[in-house]
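Trainee: Task: produce atomic coordinates for the following.
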Amino acid sequence: MLPRVASACDDGFGMTEGSLSDRGKEGEKQVVLLIDDQAIVAEAIRRMLADQPDLELVHCADVARALPTAREVRPSVVLQDLVMPGADGFTLVRYFRADPQMENVPIIVLSSKEEPRDKSRAFELGASDYLVKIPDRIELLARIRAHVRSFTAQRERDEAFRALSELKVELEAKNVQLQLLTVTDGLTGLANRRHLDATLDLEWRRCMRERAPLALLLMDIDYFKKYNDAYGHPAGDACLQEVAGALKRSVRRPADLVARYGGEEFAVVLPNTPELGAVTVASALRMEVAALQLPHRGSDVASHVTLSLGVAALVPGPGASVAGLIAAADGALYEAKRAGRNRHAVAPPVPVPEPDAEVELAQAQPSVTPGE
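Mentor: Numbers count the residues shown, from 1 in each chain. Next up is the predicted model:
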C-alpha cells in the first residue's frame, strides 16, 4: 500500500496543521510542496514520489493557503500549477519571490500546455523550471533532485556565511575587550602605564607641532602603606578604586587622561594646558579625594585619605623630552611630600630653547664644566 499525500489544506488525509510543522522540521527528508487543485495531478505525482524515502510530498489544493503552508512546512522545492480557480499562478510566483522565507526556494511551474510566452513570463517572475503536466516520472525526479541539491547547497553556504559573520562579530568584540585589557589597569579601570606612556608620547609630538603647552600631574595617596597595615590589602584595593573613581570624575575633557602610574601613584596628562590650568586641576583633584572622607587612622596629616601632587608643565620643543617632564613632575611630588603632604607642588619651569637659538646652544655646550 502506497503512503498517503500529506495535505496542508484538507485533513481528509489524516494530517492536521500542527503535524505539518513537525514534518517540515525533519532533517532527513526534503519536503516537496505541490500546489495544484486537480486531485488527479496530485495522485499522479504522489505515485511518482512514493518510493523515494528522502522526499516527502505535501499537497495544497487551495491557492489561498499556498503561502502560509509554504512558510509552515519549509519546502526544499515547490511544484506549482499555473492555472487554478480564482488565482493566477504567475501572481503566486511573484508572492513567493517577495517572501523572505521563500525567495530562494526553487519553483517548478506545472502547466497544461507548452506555451513559450508562459515560459518566458514564468522565468521573468522568478520560476526556476517549467514542466508540462503530467510530466514523465524520470524527468520529474531528476529535476526535483537537481533543484533540491542546488537549494540545499545554497542554504548550507548561507548558513556557513552567517556562522562566519557571527564568529567575526564575536571575534571583533573579543579583540576590543583584549585591546582594552592591554591598555586598562585591572584593579581601577583607569589607563595603565603602557597607555600612559603611549599617550604622553603622542601628545608630546602633537603639542610640539602646535607649540602648545603640555602638563603632567603625578600624585600619591598619603601614607598608603600605613593604610594597608591598618585596614588590610583588600581594603587598600577598595581605597585605590574609590580614589581612581574620584580622579576620573574630576577630569572631564576628552583629551585628558587619568592613569594608574603604579602602586598607589596616579598620573594625569593634560594636553593644551598651561601651568596655571594644571594647578587648578591639581587642587580640584585633591579636594575631590578629600571629599570622599575615607577613614585613615594611619595618616599623620588627616583623619581621612589625602593626596600629594606634583605639577609640571611646558611647551615641548628641542632640548626637552617626555622623560624630563616626568622627572619634573616627580620632583614636584617629592617636594609636596617633603613640605608636609596633602598638598600640591609645582616644578620650576623647564628651560626650552627657541628654534633659532639651537645653534648658539650647541656652541655653548662644550664650555660648560661638570661643576657648573
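Trainee: just checking, next helix/strand downstream of the helix-or-strand element of the chain with minimal mean pLDDT?
Mentor: When each helix and strand of the chain is scored by mean pLDDT, DSSP states H and E, helix 17-24 comes last, with a mean of 37. Counting by DSSP states H and E, the element after helix 17-24 in chain order, helix or strand, is strand 30-35.
Trainee: Off-centre distance for stretch 135-150?
Mentor: 44 Å (Cα atoms, centre = their mean, to the nearest Å).
Trainee: Would you state the strands of this structure in chain order?
Mentor: 6-7, 30-35, 55-60, 77-81, 83-84, 87-88, 107-111, 129-132, 214-221, 257-262, 265-271, 307-314, 344-346 (DSSP state E).
Trainee: Please work out which residues outside the fourth one touch it.
Mentor: The reference is to strand 77-81. Strand 77-81 is contacted from outside by 30, 32-38, 41, 45, 66, 70, 89, 92-93, 96, 102, 105-111, 133, 144, 147-148, 151, using Cβ atoms under 8 Å, 6 or more residues apart in numbering. In short, each C-beta sits where N, CA and C put it, glycine included.
Trainee: tilt between it and strand 55-60?
Mentor: Interaxial angle, strand 77-81 versus strand 55-60 (axes from the mean of the first three to the mean of the last three Cα atoms, to 10 degrees): 40 degrees.
Trainee: Show me what strand 77-81 pairs with in its sheet, parallel or antiparallel.
Mentor: When sheet partners are counted by DSSP bridges, strand 77-81 sits next to strand 30-35 (parallel), strand 107-111 (parallel).
Trainee: Mind pulling the model confidence for residue 362?
Mentor: The model reports residue 362 with a pLDDT of 43.
Trainee: Pass me the low-pLDDT residue ranges in this protein, would you?
Mentor: Residue ranges of the chain with pLDDT under 70: 1-28, 350-372.
Trainee: Okay, domains of it per the record?
Mentor: 6-159, 193-353 (automatic domain parsing).
Trainee: Dump the ones you listed to a markdown table, plus distance to residue 176.
Mentor: Output for the domains of the chain, formatted as a markdown table (distance: least, Cβ to Cβ, whole Å):
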| stretch | distance to residue 176 |
| --- | --- |
| domain 6-159 | 26 |
| domain 193-353 | 15 |
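Trainee: Quick one: closest of the strands of the chain to residue 183.
Mentor: Smallest distance to residue 183 across those (Cβ to Cβ): 9.4 Å, for strand 257-262.
Trainee: still on that earlier bit, is it possible to get the strands of the chain out as TSV so that each row also shows distance to residue 330 and mean neighbour count?
Mentor: Converted to TSV, those look like this (distance: least, Cβ to Cβ, whole Å; neighbours: other Cβ atoms under 10 Å):
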stretch	distance to residue 330	mean neighbour count
strand 6-7	82	21
strand 30-35	75	25
strand 55-60	79	23
strand 77-81	77	25
strand 83-84	88	18
strand 87-88	85	14
strand 107-111	77	23
strand 129-132	80	17
strand 214-221	6	26
strand 257-262	9	21
strand 265-271	9	24
strand 307-314	6	26
strand 344-346	11	21
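Trainee: Would you tell me which of those gets closest to residue 185?
Mentor: That would be strand 257-262 among those, by Cβ to Cβ, at 4.2 Å.
Trainee: which residues make contact with that closest one from outside it?
Mentor: So strand 257-262 is in contact with 185, 187-188, 190-193, 195-196, 199, 218, 240, 244, 247-248, 251, 266-269, going by Cβ under 8 Å, 6+ apart.
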